[in-house]
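J.: got a sequence here, can you model it:
(2 chains)
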2 protein chains.
Amino acid sequence: MAHDSARIDSRGGHKGTLESGRNLLADVSLPAAIIKQSPLAHNLVWMQHFAEHHQAHLAPHGKTTMTPELFRRQLEAGAWGITLATLPQCRAAFAEGVERLLLANQLVGRANMAIAADLIRAGAELYVTVDSVENATQLGEFFSAAGLELLTLVEIGVDGGRTGCRSDEDTLTLARKIAKQPGLVLAGLEGYEGVVHGDDPIAGIRAYAQRMVANAEALASEGLIGVEQPIITASGSAWYDLIAEEFRDAGLQGHFAPVLRPGCYVVHDHGIYREAQQGVLSRRPDLHEGLRPALEVYAQVQSLPEPGMAIVALGKRDIGYDLPPEALARYREGGSSDGVLGVDGWKVVKQMDQHTFIELPTGEHDIQVGDIVAFGASHPCMTFDKWRQIHLVDDQLQVVESWETRF
Amino acid sequence: MAHDSARIDSRGGHKGTLESGRNLLADVSLPAAIIKQSPLAHNLVWMQHFAEHHQAHLAPHGKTTMTPELFRRQLEAGAWGITLATLPQCRAAFAEGVERLLLANQLVGRANMAIAADLIRAGAELYVTVDSVENATQLGEFFSAAGLELLTLVEIGVDGGRTGCRSDEDTLTLARKIAKQPGLVLAGLEGYEGVVHGDDPIAGIRAYAQRMVANAEALASEGLIGVEQPIITASGSAWYDLIAEEFRDAGLQGHFAPVLRPGCYVVHDHGIYREAQQGVLSRRPDLHEGLRPALEVYAQVQSLPEPGMAIVALGKRDIGYDLPPEALARYREGGSSDGVLGVDGWKVVKQMDQHTFIELPTGEHDIQVGDIVAFGASHPCMTFDKWRQIHLVDDQLQVVESWETRF
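T.: Model prediction:
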């Protein structure tokens, strides 16, 4: 037969497919990444409520998912804006309707500055962080030449941490530079408590937040802030409760708006953030039930080549592997979501690009080639970026919608 | 200003941009993944020549790059077909003009079987591997009901390895099953020597290849082969010389066509495959110069927050991290590719999603925020899958073409 590629839709599903209304246990090419509708809805409300309860804005970190349909739901739930890590991410979010963009990162390179300028001209409210006079000079020259003003946040860092000014003196020097630099406007302060180290992380993070507050007050009292409503922003997905409490208790609401930036909360996880959430709940019993894991990857047993070993068609190409994924449930292909089969004692012992090796418990005899296994992973950022499409499914594993990612 | 997302091209470059004719040191949003034109051209010819010299076909593993422009160049250089790991990958390759597809993996699940059926109906010559009677039964029922015949290769595995029949008896039983199963045709044997373990891997791999040959002869002598030109196929990117020699020396060319399937060779790497290539060259001094690394990721210094520390805007989202990436060269933004600055003693000590931490040698004073650093990584599969677009660049780092990936 002649080659007839016109009959084949190359974009139809490099992974998964575009159509909805199908069931994960029967009609979807696996492996496939899915988000469960109920826990997603719970998480969207939970974190928005948390932020509001602490008199803070929420700007969820969008780099986690890079899924415009999730950005839309986060904004509809009340988010103030979306946080991003690169200019191409900002561009993708803006093109999908996100107007307030917080780049929680330095803006470096003329090509990236050009993207930022295009976004500002198109109406984006874009904030970027700065941690050096050198970068401030580069930005000032570019944006003043472009006839634009860039909203900048001085980044507060810690010794041995990542980016950010190490000392209050550096912070003040940089803020003064920005305040008098044409093309730049000082719009507040940014930090990331996830890089605070030490024997007592809780005390360290509280001290870091207090240092951010003290710096904010110092910059404001010297008249360096160039906007009506400056912001003070920090928090990843592990310690947001401490940041929220410190910013709230500092009584900044009148002159600096606190902005929280967790990203992973929206689908939570089955690893490091599940553990971090136990920490939040132990510190804050008033929060009652916390976040619920919503992101899973479904894949099929492809081989049972030896007793005690199953090979699943799921690889490092398909799921985050900072920690080994965890088998959550198993189904017979074509069966119902009620027909859950056991995965007790299943252990992921190795992963390759396209394969997962499972060590099975002694005496496991009920497995078939083709069985569908749901996996949970640690660190959702590293699962999302493996997929161009994610399926939203209901409790019966029916595909409700299929969403494009924009990595 | 009103939101004007129509002015922003969301697909214009989630990473990188679509336009060519620009220079990596001045006009391209970084980080960006690039392929250098000269080593790519060298590698394409080198491996094709290697295969032909060993009287074998070449079916490069396409899962490595999933880049149709590379598939095209591999086929133009003389490749027999393209190897792939999943049905969505096969569909993407076929849609881009690849007619002969070797799925070096089990075909599991009715949704994936439906993709395979669509491909066969559209004219694809698709081979899949089978390693269990259970899977053969599932496939036979599906394809006979569809009125199609599926070309299957029995997979030969090893104890403690991955997929594949563990014993000659299992192989024969499975081949007999396939031979009499409507909907299936036995078209040869498949193996993967990368999972052979033992104290002497070279002897182990040679023995494995010989076992594959013996099995091929046993299946042929029993009349189980259902095609005119059956194949025998193995080899990843580390031990292809041993497989090629064994298949050549077995004198199979008359009745089984040997097919080699290395994937990483096309861009080579700066890690495990560079090391593996040293092994090939030490075993085969007649090959003279081997493969050349062609894949790099360029990124910019975003912060110099402490003496001895540089933070580069390059993360686990951008480059493979099986091993820490290696800084290869540094350039000043806007400079020429001749103006190479030092990276001697630079050491990647940590990576996060969007950041790389560099430990700098004592006394390094020449670095600026915005400096552009070229990185090489180990295991190209895990760098390609992070990008939707890869730039082909010439020796002056001018972008010649920008290629879409199809993950």
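
J.: contacting residues around the one residue sitting closest to the centre of chain A?
T.: Residue closest to the average C-alpha location in chain A (CA atoms, centre = their mean): A:Thr64, at 2.4 Å. Taking CB atoms under 8 Å, 6 or more residues apart in numbering or on different chains, we find A:Thr64 in contact with A:Gly263, A:Cys264, A:Val266, A:Val267, A:Pro380, A:Cys381, A:Phe384. In this view, the C-beta of every residue, glycine as well, is placed from N, C-alpha and C.

J.: could you rerun that using 6 Å?
T.: By CB atoms under 6 Å, 6 or more residues apart in numbering or on different chains, the contact set of A:Thr64 is A:Gly263, A:Cys264, A:Pro380, A:Cys381.

J.: what ranges do the strands span in the stretch 201-350 of chain A?
T.: Secondary structure of the stretch 201-350 of chain A (DSSP state E, counting those that start in this stretch): strands at A:231-234, A:257-260, A:295-306, A:309-312, A:326-331, A:347-351.

J.: same question for the last one: list its buried residues.
T.: Right, strand A:347-351. By 16 or more other CB atoms under 10 Å in any protein chain shown, the buried positions in strand A:347-351 come out as A:Val348, A:Gln351.

J.: that one pairs with which strands?
T.: strand A:356-359 (antiparallel) (DSSP bridges).

J.: from the rest of the structure, what touches the strand it pairs with?
T.: With CB under 6 Å, 6+ apart as the test, strand A:356-359 has contacts from A:Ala310, A:Val312, A:Leu314, A:Trp346, A:Lys347, A:Val348, A:Val349, A:Lys350.

J.: would you turn those into JSON lines with pLDDT?
T.: Output for those, formatted as JSON lines (pLDDT from 0 to 100):
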{"residue": "A:Ala310", "pLDDT": "97"}
{"residue": "A:Val312", "pLDDT": "98"}
{"residue": "A:Leu314", "pLDDT": "98"}
{"residue": "A:Trp346", "pLDDT": "96"}
{"residue": "A:Lys347", "pLDDT": "97"}
{"residue": "A:Val348", "pLDDT": "98"}
{"residue": "A:Val349", "pLDDT": "98"}
{"residue": "A:Lys350", "pLDDT": "97"}
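
J.: distance of A:Ile156 from A:Asp131?
T.: A:Ile156 sits 8 Å away from A:Asp131, going by CB to CB, to the nearest Å.

J.: anything in contact with each of the two?
T.: Counting by CB under 6 Å, 6+ apart, the common neighbours of A:Ile156 and A:Asp131 are A:Gly164, A:Cys165.

J.: still on that earlier bit, of the contacts of A:Thr64, which is the most crowded?
T.: Ranked by the number of neighbours (other CB atoms under 10 Å in any protein chain shown), these place A:Pro380 first, at 29 neighbours.

J.: residue contacts, it?
T.: A:Pro380 sits next to A:Thr64, A:Cys264, A:Val267, A:Asp269, A:Leu295 when contact means CB under 6 Å, 6+ apart.

J.: repeat that for A:Val348.
T.: By CB under 6 Å, 6+ apart, the neighbours of A:Val348 are A:Pro324, A:Pro325, A:Thr356.

J.: now A:Trp403, which residues is it bridged with?
T.: Beta-bridge pairing for A:Trp403 (DSSP bridges): A:Ile390.

J.: show the pLDDT at it.
T.: Note for A:Trp403: predicted pLDDT of 97.

J.: count of neighbours near it?
T.: Neighbours of A:Trp403 under the rule other CB under 10 Å: 18.

J.: quick check: the farthest pair among the contacts of strand A:356-359?
T.: A:Leu314 and A:Lys347 (14.3 Å; CB to CB).

J.: my read: A:Tyr208 touches A:Val196, true?
T.: Yes: counting by CB atoms under 6 Å, A:Tyr208 touches A:Val196, with 5.1 Å between them.
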